[in-house]
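K.L.:
one predicted model, sequence on top.
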Amino acid sequence: MLPPRLIRRLLLAPLTIVIALALVVLFPLLVLVAAVFGLAGLSRPGRMRGLRLLWFALVCLIAETGALFACLGLWVASGFGRRLYAEPYTSRHYAVMRWFIGLVYRAGTATFGVRVEVDEPESSGEEQAARPVIVLSRHAGPGDSFLLVHHLLSVYQRRPRVVMKAAMQLDPGVDAVANRLPNVFISRGKTGEGVFVEEIRRLASGLDHEGALVIFPEGGNWMPGRWRLGVQRLQRAGRADLASRAEKMPNVLAPRAGGVLAAIEACPEADVVFVAHAGLDHLVSVADVWRSLPIDQVVQAKWWRVAADQVPRTAGHEAQVKWLYDWWKLIDAWITENRPAGPLPVA
């Protein structure tokens with residue numbers, strides 16, 4: 001269970017600032033220690049991992065500190081929170097979000113030599129740009145949601161509304177910014193899934209031409225255990241047909257249709273964008289991140305855009321679920337073809 005918001009703001013936010021200041025002061029010493037360990041491992045791939053991680057952590061903490069002070073300034077300027085949710089301040093919080101994510105993105109790609117290649121659908125002009133979008137992405141490996149939101153903010157100039165786990169609020173920057181913008185935090189153990197479906201429906205119904213609702217239908221990062229549990233969940237629910245389909249998609253988790261279909265129904269003018277990515281999905285645990293830190297690596301992403309009039313909104317529930325699984329099958333096949341290290345083990 002998360003601590004109350006007031007406790008998070010009074011404890012975690014100042015703690016982040018203190019850690020950032022301590023890292024700045026100790027940075028020369030830590031660089032020396034990291035360099036010694038890096039030189040000792042020159043013969044292994046991914047050398048100087050500690051130094052790279054140290055620099056990236058410093059940039060992230062400084063960026064988060066800047067975002068926290070910006071949020072504090074906006075809170076004061078809004079009359080100590082009285083006008084905080086009015087439109088001018090919504091735009092300013094999206095600007096803070098764009099600045100923070102953009103800075104961390106540039107630092108990460110430069111520090112680790114990562115190149116991001118996005119295969120996007122061709123634009124069909126002003127009509128397409130003027131429509132809201134519902135973005136459905138697979139969820140695996142660290143940074144996939146980060147890269148997706150960065151692309152929406154900086155490339156498409158969209159205002160993303162993100163459905164994310166409640167634990168993300170333990171990050172003070174996310175807690176401060178995301179709770180002032182239209183987002184949904186999901187904690188399945190606390191309330192029923194139906195509550196969050198209604199929250200997603202509410203977010204989708206308020207989308208305008210700049211809006212982008214981001215949903216991860218799998219509900220979490222890909223892991224072998226979660227993959228098996230997803231298949232078993234469908235079997236226990238009496239959906240042997242969907243369980244069979246999920247077993248044939250080893251690279252993705254079985255999508256949960258409730259929130260997706262609610263969003264599609266609530267915003268009939270929205271296009272639907274499906275997103276797949278490959279390159280970071282072999283990093284499942286913290287140990288994987290350390291052992292296989294992505295250095296000089298290419299991260300590939302593929303976006304498919306389905307126009308609003310091509311989305312089966314008037315079809316029955318079963319037809320819509322089949323449509324979603326058909327797209328997830330296409331995403332699974334794309335990952336198999338584009339993952340550098342081949343398919344993930346599922347046993």
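P.N.:
Right, received. Where do you want to start?
K.L.:
ok, the helix or strand containing H277: who's next to it in the sheet?
P.N.:
H277 is part of strand 271-278 when elements are defined by DSSP states H and E. In the sheet containing strand 271-278, its partner strands are strand 133-137 (parallel), strand 298-306 (antiparallel), by DSSP bridges.
K.L.:
using PDB, write out every CA atom in it.
P.N.:
Included here for strand 271-278 are C-alpha records, laid out as PDB according to Å, rounded to 0.1, in the frame of the first residue of the first chain:
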ATOM      1  CA  ASP A 271      -7.900   6.700 -34.200                       C
ATOM      2  CA  VAL A 272      -6.200   3.700 -32.500                       C
ATOM      3  CA  VAL A 273      -2.400   3.300 -32.600                       C
ATOM      4  CA  PHE A 274      -0.700   0.000 -31.900                       C
ATOM      5  CA  VAL A 275       2.900   0.100 -30.700                       C
ATOM      6  CA  ALA A 276       5.500  -2.700 -30.600                       C
ATOM      7  CA  HIS A 277       9.200  -2.400 -29.700                       C
ATOM      8  CA  ALA A 278      12.200  -4.600 -29.500                       C
END
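K.L.:
before we move on, back to that, let's have the strands paired with strand 271-278 in a markdown table, adding distance to P224 and mean neighbour count.
P.N.:
Using the backbone N, CA and C atoms, a C-beta is placed for each residue, glycine as well. A markdown table is the format used below for these (distance: least, C-beta to C-beta, whole Å; neighbours: other C-beta atoms under 10 Å):
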| stretch | distance to P224 | mean neighbour count |
| --- | --- | --- |
| strand 133-137 | 20 | 26 |
| strand 298-306 | 22 | 18 |
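K.L.:
quick one: closest of these to C267.
P.N.:
Distances from C267 to each of those were compared using C-beta to C-beta; the minimum, 6.7 Å, belongs to strand 133-137.
K.L.:
which outside residues touch the closest one?
P.N.:
144-145, 148, 152, 158, 160, 204, 207, 211-217, 255, 260, 263-264, 267, 270-277, 305, 324, 327 (C-beta atoms under 8 Å, 6 or more residues apart in numbering).
K.L.:
send me that strand as CSV with only the CA atoms.
P.N.:
C-alpha atoms of strand 133-137 as CSV (Å, rounded to 0.1, in the frame of the first residue of the first chain):
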residue,chain,number,x,y,z
VAL,A,133,-5.6,8.9,-30.6
ILE,A,134,-5.9,5.9,-28.3
VAL,A,135,-2.4,4.3,-28.1
LEU,A,136,-2.2,0.6,-27.2
SER,A,137,1.3,-0.6,-26.5
